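Peer 1: next input, structure requested:
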Amino acid sequence: MFNNCNHFSTFRNIPLLKVSTGDASSSLTAEGIGRNNILCDKTALTLENCLFVPNLTCNLVSLLKLFKDKLTITQGKDKFSLESAKIP
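Peer 2: Residues are numbered from 1 along each chain as shown. Modelled structure (predicted):
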């Protein structure tokens, strides 16, 4: 979920969709869906079917989805590294 529609490379409006985060006392509304590109360790990742939620305080990306579709995680001596799991 992203809070700025200018970051989407493709975008379309959707019927308003209620979404929730970890705060059960509040609800948010998604207004669009599209493709978003993010940088991870200087590597561009394309994320499909991202929701546009304008009142979201910060962007939220599912780590489980990233690891399933895009990335592997490697533990180093004092840090973790993310690497592309699929080679184009």
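Peer 1: report pLDDT for the residue located most distally from the centre of the chain.
Peer 2: Using CA atoms, centre = their mean, the residue of the chain lying farthest from its centre is residue 77. It sits 27.5 Å away. We note a pLDDT of 86 for residue 77 in this prediction.
Peer 1: you'd agree it is in a strand?
Peer 2: No: residue state for residue 77 (DSSP: H, G, I helix; E, B strand; the rest coil) corresponds to coil; a strand is not indicated.
Peer 1: and the helix or strand of the chain with the lowest mean pLDDT, what does it pack against?
Peer 2: Scoring the helices and strands of the chain by mean pLDDT, DSSP states H and E places strand 80-84 at the bottom, with a mean of 72. Under the contact criterion of 3 or more CB pairs under 8 Å, 6 or more residues apart in numbering; DSSP states H and E, strand 80-84 touches strand 71-75. Heads up, the C-betas are built off the backbone N, CA and C, glycines and all.
Peer 1: helix, strand or coil for the residue sitting nearest the centre point of the chain?
Peer 2: The centroid of the chain falls nearest to residue 61 when counting by CA atoms, centre = their mean (3.4 Å). Per three-state DSSP, the secondary structure class of residue 61 is coil.
Peer 1: isn't it right up against residue 51?
Peer 2: No: under the criterion of CB atoms under 8 Å, residue 61 makes no contact with residue 51, lying 11.0 Å away.
Peer 1: which ones are touching residue 57?
Peer 2: Counting by CB atoms under 8 Å, 6 or more residues apart in numbering, residue 57 touches residue 3.
Peer 1: next one: residue 3
Peer 2: By CB under 8 Å, 6+ apart, the residues touching residue 3 are 52-59.
Peer 1: again, but for residue 28
Peer 2: Residues in contact with residue 28 (CB under 8 Å, 6+ apart) are 18-21, 53, 55-56.
Peer 1: residues in a beta bridge with it, which ones?
Peer 2: residue 19 (DSSP bridges).
Peer 1: returning to that earlier point: what are the pairing partners of the least confident helix or strand of the chain, and which direction each?
Peer 2: Sheet pairing of strand 80-84 (DSSP bridges) gives strand 71-75 (antiparallel).
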